[in-house]
Structures are given as structure tokens and as C-alpha cells.
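Asker: Got a predicted structure here, sequence first:
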Amino acid sequence: MISTLDASPSTLIDAASFTQLTLPPSLLSNEPFLSLAPDCSGGLILQKSFYADFVSPGAVVGGDFDANCTAIYAIGKIQFQVLETHAERQEALQQRMDCIEKLYQVASVSSSLHRASLMLNQLCDWVGIHEASEIPAEWVARLAGVQPKTVHLAWEKYWQDCQLFVERS
């Protein structure tokens, strides 16, 4: 079973105040196991108590994994799928662990500007440059463990680098 939420333009979904066009309150706390559909073009940023997490297409979401989620930022077109078999759950869990590993690699970098740049690059890989550019700096900052102003500086540098690449081509 697949259900769809179109979050274009990107939508903030606050766990404390759901509306009829956002995710149901039970999504992050109850069974059945859910994942983002592997072919959806979006993702979720989950705000936890002291950090943020990213859920890419194909990754498990909700249940005990996200019981302490306080807010959700939906990016792009989101489709949820119920994970019915053990193999589906294993694959979705592996995808979520891959996202966590990528976030850990970014968080391990000591330079805050470099961390912000790496996070922007990773978000562009996950959801595309257009969708990534629409994510508020505060949410990217939570993922990267930096200040929002550092994200703004990283975007400026990222765009300059993109322009240099285009000029050289």
C-alpha cells in the first residue's frame, strides 16, 4: 500500500500540529513499518531533541526509530509504503542506516564551513539541487551541526564553484 504527500514546494510538518494535508500523527509512533517509496523524488528531515536526521527514498521511517521526533520537514513528492515482508523491512532498514552513515561522515569533519558544504552536496545528491536549494538554512544547519549563517556561506561558495565549473566546460 502506498500513500502520497506532495510537499512541493517543501513543507514543514510539525509533530505538534498536523493539518489535513500533512502526515498523520500516528506515522512516527505506530506500526506498521513504513518506508519512503524507493521511487519517490523526495525525502524527510526529522528534527530530534538535539540533532536532525534524514530519510531518503527506500528508507524506513517511524516506529521506535523516530519516537523522539519533534518536527518533520518534507522535501519534494513523498510517497509512503507499508513494509509487509521481512526482506522489505531489512532493505529499508539498510537504506536508513546508509543515510545515517553519510550524515556521520559529514558530522566527522572538523571545519563547520566544510561540513555545511558537504551536507549541501549530499542533499543535492539525495533530492536534487532545486529541492535542496529550497530547504531553509535552519534545517540544513541542524543536519550538519552548524549555524544557519554557515549554510548561507556554503551555498554562496557552492554556487560560485558551480559557475566556475560551467564556465570551464
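Answerer: Yep, that arrived. Note that the structure is predicted; figures quoted are calculated from it, not measured.
Asker: where in this protein is pLDDT low?
Answerer: The model of the chain has pLDDT under 70 over residues 1-32, 159-169.
Asker: Tell me how many other residues surround the residue nearest to Asp39 when sequence neighbours are not counted.
Answerer: Leaving out its chain neighbours, the residue that sits closest to Asp39 by CB to CB, 6 or more residues apart in numbering is Pro57, at 6.8 Å. Glycine gets a C-beta too; all of them are placed from N, C-alpha and C. By the criterion of other CB atoms under 10 Å, Pro57 has 21 neighbours.
Asker: now swap in the one 10 residues further on and tell me
Answerer: A count of nearby residues for Ala67, using other CB under 10 Å, gives 10.
Asker: ditto for the one 4 residues further on
Answerer: The local packing count at Ala71 equals 17, with neighbours defined by other CB under 10 Å.
Asker: likewise Leu120?
Answerer: There are 25 residues near Leu120, going by other CB under 10 Å.
Asker: what's near enough to touch it?
Answerer: Ala132, Val140, Val151, Ala154, Trp155, Tyr158 (CB atoms under 8 Å, 6 or more residues apart in numbering).
Asker: all strands in this structure, in order from the N-terminus.
Answerer: Counting by DSSP state E, one finds strands in the chain at the ranges 2-14, 34-36, 43-47, 52-55, 60-61, 71-82.
Asker: All the helices of the protein, residue numbers only.
Answerer: All helices of the chain, identified by DSSP state H, fall at 86-107, 112-127, 129-134, 137-144, 148-168.
Asker: thought the residue nearest to Asp39 was touching Ile75?
Answerer: No: if you go by CB atoms under 8 Å, Pro57 and Ile75 don't touch, sitting 10.7 Å apart.
Asker: Overlap in contacts, the two.
Answerer: Gly42, Gly43.
Asker: hang on, the earlier thing: please identify the deepest-packed of the helices of the chain.
Answerer: helix 137-144 (a mean of 22; mean count of other CB atoms under 10 Å).
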